[in-house]
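Student: Quick check, what structure comes out for this input:
(one chain, ligands or ions: 2)
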Amino acid sequence: MSELRIYNTLSREKEVFQPLNAPHVGMYVCGPTLYSFAHLGNCRTFMSFDVVFRYLKHLGYKVRYVRNITDVGHLESDGDVGEDKIAKRARLEKLEPMEVVQLYAVDFHKVLDDFNLLPPSIEPSASGHVIEQIEMTKKIIENGLAYEVDGTVWFDVEKFAKTYPYTELSGRKLDELLEGTRDNLEGQSEKRGRLDFALWKKAKPEHIMRWPSPWGEGFPGWHIECSAMSSKYLGEQFDIHGGGMDLIPTHHTNEIAQSVACCKKSPAKIWMHTNMLTVNGQKMSKSLGNSFLPEELFEGRHALLERGYSPMVVRFFMLQAHYRSTLDFSNAALQASEKGFQRLMNAVKLIADLKTSATSSFHFEKIKTEVYDALNDDFNTPVAIAALFEGVRIINSINDAKDTITAADKEQVQKLFSEIVFDVLGLKQETTGHSDKVSGLMNLILDLRKDVRTKKDFAASDKIRDELLKVGIQVKDGKEGVTWTSN
Ligand code: AMP
Ligand code: ZN
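Tutor: Ligands and ions are numbered 1, 2, ... in the order given. Now for the predicted structure:
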């Protein structure tokens, strides 16, 4: 089988994946800033890393997946100016900042669960790691690459860039970046260089989220949280760091600089970046007004939507694009995905019914190789899905022709589909309201009740009905037979 190769933004090449400490793998992904509901674009990024997490586990690696929660320090400008996004929402809604965070954290977890994302191994929050961020800031000052001005600590980008490659990740030129920065930014006079960014910010009197520090009361900058938390849980150097492509030029560039300035080590071996979900070619974003929430998508409640689509159809739609390509949202594409998803799920169900015999003219070895080659080629899910559909075509034709395959082939195709479709791609059969298990159990119980009624054991029949009611299931004996509802 081919080796897993991952495109590294840092080297701009697909590299053979060699974990620093196999079979252990450390992966850090920048999580959400919890000041609003996660939109579908955000979900795409986390879904892409869910497939990475799932596939690495499938290959037998023991993955520690850390995805943080930003609950402090992310300013409106994504830089060093403006109000803290969460504090602003708290002020507007007259809530505690942590109430805002909790509200959106609950929703975020629910949405990712709807999409069947596995929870990360650790989900640390910035506000829970202020001490670590202060310690890291102190070290960077000690190493001469940060300085304090009036309670704010700045990272000295130009000094850093004299010794280390500051723009390695973005591939931009430092001179151009310097020229591109505007002069009139707030706080510009306090910092020595135009590109310097805050590791620690002095809190103005009205600022709610504040902590004591060696530099007075303040709060951490946005970038330092990820450096502090990734090194705490994954070590100074770990295997994979990920996030959306929009994080490359500033957030991730500064994360690398901070870790190198603190520990003389580049934090991650591989930097992975997901491309954007777009609407009519434009990045889906709250500020552009073209974003919608997963719930609106499920229910078809948005001007851009012709109707609703189920979470698994949306997941399937997302997986049909490679994570490094843009994916444009459209109703037509979702409708095609719905058909494709149903075809795939029907075929998975059909496999169990295929008849076996001693010989078979169908083989699935080639399809298996194609699927793994695709996934090993930088997690190429669309190509893997295309190979699976070749399998679907064969399964359907065996079934239609009432043909047979060998028991060994049947076992192989069953294993391939269940492992890739369910475990790696994270798709699941959709049920209407109740899980297959619950429906199966209810059919069994109501069958048994019918049996006791036939024997005129009405006491037993009533007991079944009453006990079911106690657990919230109401059985109704109507003209059309027995029905049940659950609350
Ligand atoms: P935020 O909460 O804004 O910090 O974003 C959380 C994650 O979602 C980041 O990794 C962003 O890069 C990513 N993201 C934001 N918008 C999109 C989009 N339209 N498509 C894909 N990922 C996105
Ligand atoms: Zn981050």
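
Student: Angles on the backbone of Asp196, please.
Tutor: Backbone torsions for Asp196, taken as degrees, to the nearest 10, come to phi -60, psi 140.

Student: State the helix or strand in which the nearest residue to it once chain neighbours are set aside lies.
Tutor: Using C-beta to C-beta, 6 or more residues apart in numbering and skipping residues adjacent in sequence, the residue nearest Asp196 is Trp154, 4.3 Å away. Backbone N, C-alpha and C define where each C-beta goes, glycine included. Assigned by DSSP states H and E, Trp154 belongs to strand 152-155.

Student: average model confidence for that strand?
Tutor: The average pLDDT for strand 152-155 rounds to 96.

Student: oh, and call the first residue 700 from now on, that's how I've got it
Tutor: From this message on, residue numbering opens at 700, which makes the last subject strand 851-854.

Student: helices or strands up against it?
Tutor: Judged by 3 or more C-beta pairs under 8 Å, 6 or more residues apart in numbering; DSSP states H and E, the packing partners of strand 851-854 are helix 829-841, strand 845-848, strand 896-901, helix 952-962.

Student: Downstream of that strand, the next helix or strand is which one?
Tutor: As assigned by DSSP H and E, the chain's next helix or strand after strand 851-854 is helix 856-862.

Student: which residues touch that next one?
Tutor: The contact list for helix 856-862, computed with C-beta atoms under 8 Å, 6 or more residues apart in numbering, reads 843-844, 865-866, 873, 877, 891-892, 894-896, 956, 959-960.

Student: Recalculate using a threshold of 10 Å.
Tutor: By C-beta atoms under 10 Å, 6 or more residues apart in numbering, the list of residues contacting helix 856-862 from outside reads 839, 842-846, 855, 865-866, 873, 876-877, 890-896, 952-953, 956-957, 959-960.

Student: Next, count neighbours for Met1141.
Tutor: As a burial measure, Met1141 scores 17 neighbours (other C-beta atoms under 10 Å).

Student: any idea how far Asn1075 is from it?
Tutor: The gap separating Met1141 from Asn1075 is 43 Å, by C-beta to C-beta, to the nearest Å.

Student: Apart from its neighbours in sequence, what residue is nearest the closest residue to ligand 2 within the stretch 700-849 of the chain?
Tutor: Distances between the stretch 700-849 of the chain and ligand 2 by C-beta to the ion are smallest at Cys729, namely 3.2 Å. In this structure, Cys729 finds its nearest non-sequential neighbour in Gly942, 3.9 Å apart by C-beta to C-beta, 6+ apart.

Student: Pro948 is in contact with the one you found, correct?
Tutor: No: assessed by C-beta atoms under 10 Å, Gly942 is found out of contact with Pro948, at 11.9 Å.

Student: between these two, who's got more neighbours?
Tutor: Taking neighbours as other C-beta under 10 Å, Gly942 and Pro948 compare with Gly942 leading, 23 against 15.

Student: what's the spacing between Phe997 and Gly1139?
Tutor: From Phe997 to Gly1139 the distance is 25 Å (C-beta to C-beta).

Student: right, I mislabeled it, should have said Ala1031
Tutor: With C-beta to C-beta as the criterion, Ala1031 and Gly1139 are 36 Å apart.

Student: The two: who's more crowded?
Tutor: More neighbours surround Gly1139 than the other of Ala1031 and Gly1139, with 11 against 8 (other C-beta under 10 Å).

Student: Do you know the pLDDT at that one?
Tutor: 77.

Student: likewise Asp1135?
Tutor: 64.

Student: mind giving me the domain ranges of the chain?
Tutor: 704-973, 977-1123, 1134-1185 (automatic domain parsing).

Student: Quick one: these as a markdown table, columns for distance to ligand 1 too.
Tutor: Below are the domains of the chain laid out as a markdown table (distance: least, C-beta to the nearest ligand atom, whole Å):
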| stretch | distance to ligand 1 |
| --- | --- |
| domain 704-973 | 2 |
| domain 977-1123 | 4 |
| domain 1134-1185 | 30 |
